[in-house]
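Student: what shape does this take:
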Amino acid sequence: QVQLVESGGDLVQAGGSLRLSCAASGNILRIATMAWYRQFPGKQRDLVARVTSGGTTNYADSVKGRFTISRDSAKRTSYLQMNSLKPEDTAVYYCNADVQAYYSGSVRTLNYWGQGTQVTVSS
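Tutor: Modelled structure (predicted):
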């Protein structure tokens, strides 16, 4: 059973910083792309940042220059460093990953979500 567990969400003042972490566990062979999404109330989840297994990153325009995604493959963990936070960054942040693992005796790559972590930025 593969699980993604996020941590690091908190209440912070505008201009402050937070670091989110996402740790993957289970019978994992390999993790391909790891990503962070966020969801505003009543809206769909939107991509914030993505990092491939080779280290290629891409970001939503709204966070470029302020957020940095990284990963530690040995620890099976991704990070989202968020600087210069704005009230409009307030959302639930979700970790996402494409995980290769054994499923019923065969190797497959499936997509997983974490449970979400709340980030609130006060003005």
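
Student: isn't there a strand covering residue 12?
Tutor: Yes: Residue 12: assigned to a strand according to DSSP: H, G, I helix; E, B strand; the rest coil.

Student: touching, it and residue 121? I think so.
Tutor: Yes: using CB atoms under 8 Å, residue 12 is in contact with residue 121, at 5.8 Å. In short, each C-beta sits where N, CA and C put it, glycine included.

Student: shared neighbours of those two, anything?
Tutor: residue 85 (CB atoms under 8 Å, 6 or more residues apart in numbering).

Student: which one of those two has more residues nearby?
Tutor: residue 121 (20 against 17; other CB atoms under 10 Å).

Student: got a list of what the more buried one touches?
Tutor: With the criterion set at CB under 8 Å, 6+ apart, residue 121 makes contact with 11-14, 16, 85-90.

Student: try 6 Å this time
Tutor: Taking CB atoms under 6 Å, 6 or more residues apart in numbering, we find residue 121 in contact with 12, 14, 85, 87, 89-90.

Student: can you select the buried ones from the residues you listed in PyMOL?
Tutor: To isolate the buried members of the contacts of residue 121 in PyMOL, using 16 or more other CB atoms under 10 Å:
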select buried, resi 12+85+89+90
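
Student: which helix or strand contains residue 79?
Tutor: Residue 79 is part of strand 77-82 when elements are defined by DSSP states H and E.

Student: parallel or antiparallel, which strands does that strand pair with?
Tutor: Strand 77-82 pairs in its sheet with strand 18-25 (antiparallel), strand 67-72 (antiparallel), by DSSP bridges.

Student: redo the ones you listed as CSV? Include mean neighbour count and mean pLDDT.
Tutor: Shown next, in CSV, are the strands paired with strand 77-82 (neighbours: other CB atoms under 10 Å; pLDDT from 0 to 100):
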stretch, mean neighbour count, mean pLDDT
strand 18-25, 19, 97
strand 67-72, 18, 97
